[in-house]
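Undergrad: model this:
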Amino acid sequence: MNAQSYKLALVHEWLSIIAGSEKVVGELLALYPNADLFTLVDFFNDDERALVHGKRAKTSFIQKLPFAKTSFRSYLPLMPLAIEQFDLSQYDVVISSHHAVAKGVLTHQNQLHICYCHSPMRYAWDFYHEYLREAKLDKGLKGLIAKAMLHYLRLWDVSSVNRVDAFIANSHYIARRVKRIYNRDASVIYPPVDVEKFSLREKKDSFYLAVARFVPYKKVDVIIEAFSQMPDKKLVLIGEGDKSILKNATRNIEVIGFQPFESLKSYLESAKAFVYAAEEDFGITIVEAQACGTPVIAFGKGGASETVIDGKTGVLFERQTAQSLIQAVKEFETMELDCAEIRRNAERFSRAIFAESIKTFIDEKYSDFLEATCAR
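TA: Here you go, the predicted structure:
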């Protein structure tokens, strides 16, 4: 079925920085250039807007609230209400790009709603207790209010599950979470990685590389602690955020801020190995590193367990601790890995494979939906 035969709306939570979910949105807009884009807030600058092909999103009332540009996440309790205010009644197909509230948009029985789930709302479910501890909201009156708010969000999150006709998960790891939390099956279509933008380089430099935002769940502190105990090994750390995470960085750890694409690409191609300690839903940068023929040393849960072949394209470590990472680095240094094989592994997650899989899935679901509608 031709994609132009149906009118499509794409719903995403927010456009503020470019991360993995925003790259998926950009790819969906490349596949469906006539789609209308809806987000709660849209604060992309001109350079970032190129990712969404120059489109400006239709936004919610949160866009105009005080301090929304810098603190829109503070309006989390209002987001279920805000997402339900989008009038999507004129569209045949609605795709929600979901990691917080996007799947909660209101649709009617003559519309097909497909949810591409990056993750169920992390801070309300799996990372609930960790989120409260790290935000210092596990005690006191503020903590009680936060717990009540997250309880409400969980109830709303589950109540909105039946607004979705079909779920796609970005990994088998997330498909299992969709099943456990929503009791719904999800087809797995891995996110698109632009592997063609990266070049295989077999001659590597002597430094290790980590790329991550400086936020607690990325576990940058674990990487810093590990390399502070390996003073003979150089670590280049690319990222920005909460600089208090860097307080224990030693002289062998070079911290540099945000890097433009060409600089990041050069580091990924040159690194001896790419190091990642977070439990990631998928982890696009992990695949980008492998597209350069660069081995990956990563925590062996979440998406990394599906994108890194332990012993062939890198090393997976068992615990999010410095000692577990140190042991993985020592193991890696005894191995001889094939850079070309590492590159071939990354090619399983290309943009072309994503595009073919998504278009086939949506066309088949819409065709089935039309047949079921006509039979009613």
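
Undergrad: ok, and what's touching the lowest-mean-pLDDT helix or strand in the chain?
TA: Every helix and strand in the chain was compared by mean pLDDT, DSSP states H and E; the lowest is helix 128-134, with a mean of 78. The set of residues external to helix 128-134 that reach it, using C-beta atoms under 8 Å, 6 or more residues apart in numbering, is 122-123, 137-138, 143, 146-147, 150, 216-217. (Glycine included, C-beta is placed from N, CA and C.)

Undergrad: for Ala82, helix, strand, or coil?
TA: Assigned state for Ala82: helix (three-state reduction, DSSP: H, G, I helix; E, B strand; the rest coil).

Undergrad: that one: neighbour count?
TA: Neighbours of Ala82 under the rule other C-beta atoms under 10 Å: 20.

Undergrad: pull the number of nearby residues for the closest residue to it other than its chain neighbours.
TA: Leaving aside its chain neighbours, Ala82 sits nearest to Ser60 (3.9 Å; criterion: C-beta to C-beta, 6 or more residues apart in numbering). Neighbour count for Ser60, taken as other C-beta under 10 Å: 25.

Undergrad: just list the residues touching Ser60, thanks.
TA: Neighbours of Ser60 in contact, by C-beta under 8 Å, 6+ apart: 39-41, 82-83, 85-86.

Undergrad: ok, 7 Å please
TA: Ser60 makes contact with 40, 82, 85 under the criterion C-beta atoms under 7 Å, 6 or more residues apart in numbering.

Undergrad: list buried residues within the contacts of helix 128-134.
TA: Buried members of those, scored by 16 or more other C-beta atoms under 10 Å, are 122-123, 137, 146, 150, 216-217.

Undergrad: show me where the stretch 1-150 of the chain has helices.
TA: With helices called from DSSP state H, counting those that start in this stretch, the stretch 1-150 of the chain shows them at 20-31, 46-49, 68-71, 79-83, 128-134, 140-159.

Undergrad: let me know the pLDDT of the residue nearest to Ala82.
TA: At Ser60, the model reports a pLDDT of 98.

Undergrad: how about the nearest residue to Leu78, chain neighbours excluded?
TA: In space, Leu78 is closest to Ile62, 6.3 Å off (C-beta to C-beta, 6+ apart).

Undergrad: distance to Val193 for the helices of the stretch 1-150 of the chain - can I get that in a markdown table?
TA: Below are those laid out as a markdown table (distance: least, C-beta to C-beta, whole Å):
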| stretch | distance to Val193 |
| --- | --- |
| helix 20-31 | 8 |
| helix 46-49 | 19 |
| helix 68-71 | 30 |
| helix 79-83 | 28 |
| helix 128-134 | 28 |
| helix 140-159 | 28 |
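
Undergrad: quick one: which of these is nearest Ile223?
TA: helix 128-134 (17.1 Å; C-beta to C-beta).

Undergrad: roughly how far is the closest one from the heart of the chain?
TA: 20 Å (C-alpha atoms, centre = their mean, to the nearest Å).

Undergrad: mind exporting it as PDB, just the C-alpha atoms?
TA: The C-alpha coordinates for helix 128-134 follow below in PDB (Å, rounded to 0.1, in the frame of the first residue of the first chain):
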ATOM      1  CA  TYR A 128      11.100   4.500  40.400                       C
ATOM      2  CA  HIS A 129      13.100   4.000  43.600                       C
ATOM      3  CA  GLU A 130      16.400   5.000  42.000                       C
ATOM      4  CA  TYR A 131      14.800   8.200  40.600                       C
ATOM      5  CA  LEU A 132      13.400   9.100  44.100                       C
ATOM      6  CA  ARG A 133      16.800   8.500  45.800                       C
ATOM      7  CA  GLU A 134      18.800  10.400  43.200                       C
END
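
Undergrad: buried ones in it?
TA: So, applying 16+ other C-beta under 10 Å, buried residues of helix 128-134: 128, 131-132.
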